[in-house]
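In: got a predicted structure here, sequence first:
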Amino acid sequence: MASEFVTLVSGDGFEFIIPRSTACVSGTIRRMLDSSSKFSEAVSGRCELENISGIVLEKVCEYFCYNEKNKDQTNVPDMDIPPELCLELLMAADYLDT
Amino acid sequence: MANRRQTRNQISGPHSALTDFLASNNISAAQIREDYERRLGEAEHQVADEDTSSSPENGKTEESVDDSSEQRKKRRRKETATLGKTNQSKEFARCKVRRKGKANDNDDLIARENLYQKSRSLPGQLDHCEICSKRFTVTPYSKTGPNGGLLCAKCSRSLEDDQKKYKTKKGGPRTGRRQNQSALLDGISQQGALSLVEMCTKKVADNINDVEEFGDLPSPLLHRLSQILSKRRVLTPRTLNLFLRPDLKSINIYDSAKLEMDDFQRIFTFMPSLTNVNLRFAGQLKDKVVKYLLERDLQIKSLQLDAANLVSDTYWRRLFEKLGPQLESLKLSNLDFSLDDETIEVMCRYCTELRRLKLKQCWKMGDGSLQALSSLASLQHLSLNIVRETDSESLLEVVSKLGPRLQTLSLEGFPNVDNILLETIHEKCRLLSKLRLSENAVCTDKGFARLFTDWSNPPLEFVDFSSTRDVDNSNPDGPGDAIGLASEGLIALMNHSGPAIRKLNISSCRHVSRSAFEEVFSIEKIYPNLKELDVSFHPIMDDFLVGRIFHCCPAIKKLVAFACFNVRDVRVPVGVALIGGLKAQSTIVVEGKY
């Protein structure tokens, strides 16, 4: 049975272990992990995101949790994003479909 | 007198006004100076002492383990002596008063605390800064550092800055009521966080002046960024450069007001593969730019220009002659200087492949233009908003000729066309999914009802009949036979288009009765796709009806209800924006689903 946690691996080798439900905020990761797909990611519960650096992926994971936390709230304050990271993060977010 | 003589006999330097003043108040400047120098000397002495004795009292009362008992005894004796002295001093009394009320008011304890607290230097003395250990002169304004010592001017300033930063951060992320209301007016009543893409896009827009290039940001994101920047009115020649990439096929600038002629030329120079050009508020787009554009041989398929009033008719015609055959979509708006009937005729002659045409607020267009339009054989989407008064015959001809292929028909500014137009639409249009007829005061309710009864057109998705009503001020209830979309028309419309309708605007259709609304939004009716509904200026709309609307439209996201004075306390479902209403603040209250 699929584990409750999944591992996201950044291009420079950092691993982030986060709850499956939060990671599935991202459409890309959700489709990677879809158990009916038989992708290797779905089998191993491990997504290697080679084009995303550790720093950016950390922020992405922070967003996943932030999103999960604010799921049922309205007027959610924006997450704090360091300006120097926002372009890269934007590219990553676009890729991850979040 | 004696005083004066004295000064006359003495030889002294010049007196300052301050010295005179002090003297008159019986204060001697010399005395102050002496005191000051004494204090300085003392302080220096103290520092020297501390250095030589390698600072045994370094703030803390720690007693090292290997202290010999003799030394300890000696110190104890010294301590009691000083404690005895301090207990009697004025300073101590003041300190005690300050501490009054605290549980352990033991005199000795307080005195000991004071003794071992790093002796606080007085203003004018020299001290070492707690953070950077530099020597500085203590002033009354010197700040206390984190460990109780004093700070030099530089360190205290940086400490202050830190505190300020911390304070502003604390107040930052809270979204105020104003912002909530603003978002609500945009129809955003979203539950949960924004998407990461949206959040980052906003952040990029916030820091646009620090961005050097966008890299290979995909086109849809660029489009969104351009929208945000335009809305904030920061699309300048500098920011425009970020959008100019030769590989991109489209450019969308919603606010070109700050761009000048060479900026427009730059767009066409740097982006040779353009197929979609969308420039709004292009006030400085001149003939020369059009000329340059035509020389560049671009494969533009879709062109949207707004407020390009410096382009003359000659160049509009040249533009149509050159680009006409390849244009698939043309949208021109807010042109009051050129684009006359003759130019429109030229356009219709050359732009034979046009599928989408929108002409809004073009002041010079008249009947001649309308007649010319009916020759556009491949048109699928037509939007017209005409300023001049036109003959309804010409419009009827357009609709009857183009109707069979039209998917969109949007007509604004035809106040005098009558039911015959509705009949023509009923007869000719088979493929419509969007229909707008607003600001009309002639078409009757019966006409609307007939349009939607047994119409072979599939259900519409987008309907706007706003402001179709009688405008006779002396007779506010209108004539017996209702004018504009009223009860019968609305019922027929919803019966026809109910299953597919996504967006409905019936604001100011004043003659819809309550019973008609009750029938349309009765308990068994469901409009599964209706997302946006505008019922502004319907005085009969009330809490009950709004509740029914929420019930019948499970997908609704936005309900506009301006000037509906009976809408007071509605339970608004989660994720729905109710705009207008009397008590805008309180209706945000989000409660369970219906």
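Out: Received, thanks. None of the values given here were measured: they were computed from a predicted structure.

In: from residue A:55, how far off is residue A:89?
Out: 9 Å (C-beta to C-beta, to the nearest Å). All C-beta spots, glycine's among them, are computed from the backbone N, C-alpha and C.

In: more neighbours, those two?
Out: The neighbour comparison of residue A:89 against residue A:55 (other C-beta atoms under 10 Å in any protein chain shown) goes to residue A:89, with 25 against 16.

In: does the more buried one sit in a helix or strand, and which one?
Out: Taking DSSP states H and E as the definition, residue A:89 sits inside helix A:86-96.

In: other SSEs contacting that helix?
Out: Here helix A:86-96 touches helix A:27-33, helix A:54-69, helix B:196-206, going by 3 or more C-beta pairs under 8 Å, 6 or more residues apart in numbering or on different chains; DSSP states H and E.

In: what do you get if the cut-off is 6 Å, keeping everything else the same?
Out: Helix A:86-96 sits against helix A:54-69, helix B:196-206, with contacts defined as 3 or more C-beta pairs under 6 Å, 6 or more residues apart in numbering or on different chains; DSSP states H and E.

In: just those: most buried one?
Out: helix B:196-206 (a mean of 21; mean count of other C-beta atoms under 10 Å in any protein chain shown).

In: with just CA atoms, put that helix into PDB.
Out: Taking Å, rounded to 0.1, in the frame of the first residue of the first chain, the C-alpha atoms of helix B:196-206 are listed here in PDB:
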ATOM      1  CA  LEU B 196       2.000  29.400  -5.900                       C
ATOM      2  CA  VAL B 197       2.200  30.600  -9.500                       C
ATOM      3  CA  GLU B 198      -0.100  33.500  -8.700                       C
ATOM      4  CA  MET B 199       1.700  34.300  -5.600                       C
ATOM      5  CA  CYS B 200       5.100  34.300  -7.300                       C
ATOM      6  CA  THR B 201       3.800  36.300 -10.200                       C
ATOM      7  CA  LYS B 202       2.600  39.000  -7.800                       C
ATOM      8  CA  LYS B 203       5.900  39.000  -6.000                       C
ATOM      9  CA  VAL B 204       7.800  39.300  -9.300                       C
ATOM     10  CA  ALA B 205       5.500  42.300 -10.100                       C
ATOM     11  CA  ASP B 206       6.300  43.800  -6.700                       C
END
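
In: and that helix, anywhere near chain A?
Out: Yes. Residues of helix B:196-206 are located near chain A by C-beta under 6 Å from any C-beta of the partner chain, namely B:196, B:197, B:199, B:200, B:203, B:204.

In: chain A versus residue B:489, what's the distance?
Out: Distance of residue B:489 to chain A, given as C-beta to the nearest C-beta, to the nearest Å: 37 Å.

In: ok, that residue - how many residues close by?
Out: 29.

In: that one reaches residue B:445, doesn't it?
Out: Yes. Residue B:489 is within contact range of residue B:445, at 4.8 Å (criterion: C-beta atoms under 6 Å).

In: quick check: residues of chain A near chain B?
Out: So far as C-beta under 6 Å from any C-beta goes, chain A lies against chain B at A:63, A:67, A:70-71, A:74-78, A:81, A:83, A:86, A:89-90, A:93-94, A:98.

In: helices and strands of chain A: which one has the lowest mean pLDDT?
Out: Among the helices and strands of chain A, helix A:40-44 carries the lowest confidence by mean pLDDT, DSSP states H and E, at a mean of 87.

In: which strands and helices sit next to that one?
Out: Counting contacts by 3+ C-beta pairs under 6 Å, 6+ apart, helix A:40-44 packs against helix A:27-33.

In: so how far is the helix it packs on off the chain centroid?
Out: Here helix A:27-33 is found 9 Å from its chain centre; the criterion is C-alpha atoms, centre = their mean, to the nearest Å.

In: with stretch A:84-92 instead?
Out: Distance of stretch A:84-92 from its chain centroid, counting by C-alpha atoms, centre = their mean, is 14 Å.

In: next SSE downstream of the helix or strand harbouring residue B:494?
Out: In this structure, residue B:494 sits in helix B:487-497 according to DSSP H and E. The helix or strand immediately downstream of helix B:487-497 is strand B:503-505, counting by DSSP H and E.

In: ok, and what's touching that next one?
Out: B:462, B:463, B:464, B:466, B:532, B:533, B:534 (C-beta atoms under 6 Å, 6 or more residues apart in numbering or on different chains).

In: now do the contacts for the first one.
Out: Taking C-beta under 6 Å, 6+ apart, we find residue B:462 in contact with B:434, B:503.

In: cutoff 8 Å now
Out: For residue B:462, the contact set (C-beta atoms under 8 Å, 6 or more residues apart in numbering or on different chains) comprises B:433, B:434, B:435, B:436, B:501, B:502, B:503.

In: tabulate those (TSV), appending pLDDT.
Out: Shown next, in TSV, are the contacts of residue B:462 (pLDDT from 0 to 100):
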residue	pLDDT
B:433	96
B:434	96
B:435	96
B:436	95
B:501	96
B:502	96
B:503	96
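
In: for residue B:329, state which of those residues is nearest.
Out: Closest approach to residue B:329 among the contacts of residue B:462 (C-beta to C-beta): residue B:434, at 15.2 Å.

In: partners of the closest one in the sheet?
Out: Per DSSP bridges, the residues bridged to residue B:434 are residue B:408, residue B:462.

In: in this structure it contacts residue B:408, no?
Out: Yes. Counting by C-beta atoms under 8 Å, residue B:434 does reach residue B:408; the two are 4.3 Å apart.

In: name the residues contacting each of the two.
Out: In contact with both residue B:434 and residue B:408: residue B:381, using C-beta under 8 Å, 6+ apart.

In: next, count neighbours for the closest residue to chain A within the stretch 301-450 of chain B.
Out: Here the residue of the stretch 301-450 of chain B nearest chain A is residue B:302; by C-beta to the nearest C-beta that distance is 23.9 Å. The number of residues packed near residue B:302 is 18, by other C-beta under 10 Å.

In: equivalent analysis for the one 4 residues further on, please.
Out: The number of residues packed around residue B:306, counting by other C-beta under 10 Å, is 23.

In: for residue B:25, same thing?
Out: By other C-beta under 10 Å, 7 other residues sit near residue B:25.

In: repeat that for the one 3 residues further on.
Out: Using other C-beta under 10 Å as the criterion, residue B:28 is surrounded by 11 other residues.

In: the residue of the stretch 301-450 of chain B closest to chain A contacts residue B:277, doesn't it?
Out: Yes. Counting by C-beta under 8 Å, residue B:302 touches residue B:277, with 7.2 Å between them.

In: please, where are all the helices along the stretch 351-500 of chain B?
Out: Assigned by DSSP state H, counting those that start in this stretch, the helices in the stretch 351-500 of chain B fall at B:367-373, B:392-402, B:419-428, B:445-452, B:487-497.

In: tell me who's in contact with the residue of the stretch 301-450 of chain B closest to chain A.
Out: With C-beta under 8 Å, 6+ apart, residue B:302 has these contacts: B:275, B:276, B:277, B:278, B:327, B:328, B:329, B:330, B:356.

In: narrow the residues you listed to those that are buried.
Out: B:275, B:276, B:277, B:278, B:327, B:328, B:329, B:330, B:356 (16 or more other C-beta atoms under 10 Å in any protein chain shown).

In: keep only those of those that are in strands.
Out: Within those, residues falling in strands by DSSP state E are B:276, B:277, B:278, B:329, B:330, B:356.

In: count the residues that sit near the closest residue in space to residue B:129 that isn't next to it in sequence.
Out: Nearest non-adjacent residue to residue B:129, counting by C-beta to C-beta, 6 or more residues apart in numbering or on different chains: residue B:152, 3.8 Å away. By other C-beta under 10 Å, the residues close to residue B:152 number 22.

In: verify the stated contact: residue B:152 with residue B:139.
Out: No. If you go by C-beta under 8 Å, residue B:152 and residue B:139 don't touch, sitting 10.1 Å apart.

In: any idea how far the most centrally placed residue in chain B lies from residue B:226?
Out: Note on chain B: the residue nearest the mean C-alpha position is residue B:232, at 7.1 Å, using C-alpha atoms, centre = their mean. Counting by C-beta to C-beta, the separation of residue B:232 from residue B:226 is 11 Å.
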